[in-house]
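Q: here is a sequence together with a model predicted from it:
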Amino acid sequence: MGSTSDKIKGVANNAIGNIKQGVGKVVGSDKLRAEGKAQEVKGDIQKSVGATKDAVKDAAAATAKKIDDAL
């Protein structure tokens, strides 16, 4: 999975998680609130994975450029 798709899925899970938490609060469902929080955390992790993939890709490109410049 690419970094962009990780980030998109993370944003979607954040949004769905927030909605579930809100609905759970309105209807008084602790279970739904907990599910929403779990999904929100999952979204945060997915976004972090995407950002990490970008950082690794950027570092690899910078290293490759330095090697090319040195040759």
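A: Happy to help now that I have it. Numbers count the residues shown, from 1 in each chain.

Q: quick one: residues contacting the nearest residue to Asn13 once chain neighbours are set aside.
A: Of all residues not flanking Asn13 in the chain, Gly43 sits nearest, at 3.2 Å (Cβ to Cβ, 6 or more residues apart in numbering). From N, CA and C alone the C-beta is placed, and that goes for glycine too. Applying Cβ atoms under 8 Å, 6 or more residues apart in numbering to Gly43 gives the contacts Lys9, Gly10, Val11, Ala12, Asn13, Asn14, Ala15, Ile16, Gly17.

Q: and the residue lying closest to Asp6 once chain neighbours are set aside, its phi and psi?
A: Among residues not flanking Asp6 along the chain, Gly50 sits closest, at 3.4 Å (Cβ to Cβ, 6+ apart). Per-residue torsions, Gly50: phi -60, psi -40 (degrees, to the nearest 10).

Q: now Gly50: how far from Gly2?
A: 8 Å (Cβ to Cβ, to the nearest Å).

Q: between these two, which has more neighbouring residues?
A: The residue with more neighbours, out of Gly50 and Gly2 and counting by other Cβ atoms under 10 Å, is Gly50; that gives 21 against 11.

Q: measure that one to Lys31 for me?
A: As for Gly50, its distance to Lys31 is 29 Å (criterion: Cβ to Cβ).

Q: any stretches of this structure with poor pLDDT?
A: The model of the chain has no residue with pLDDT under 70.

Q: which ones are touching the residue nearest the centre of it?
A: Of all residues in the chain, the one closest to the mean position by Cα atoms, centre = their mean is Lys47, 1.7 Å from it. Going by Cβ under 8 Å, 6+ apart, Lys47 touches Asp6, Lys7, Gly10, Val11, Asn14.

Q: can you check Arg33 too?
A: Contact partners of Arg33, counting by Cβ under 8 Å, 6+ apart, are Lys20, Gln21, Gly24, Lys25.

Q: let's have those in CSV, adding secondary structure and neighbour count.
A: As requested, these are exported to CSV (DSSP: H, G, I helix; E, B strand; the rest coil; neighbours: other Cβ atoms under 10 Å):
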residue, secondary structure, neighbour count
Lys20, helix, 21
Gln21, helix, 20
Gly24, helix, 18
Lys25, helix, 13
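
Q: sounds good, over and out.
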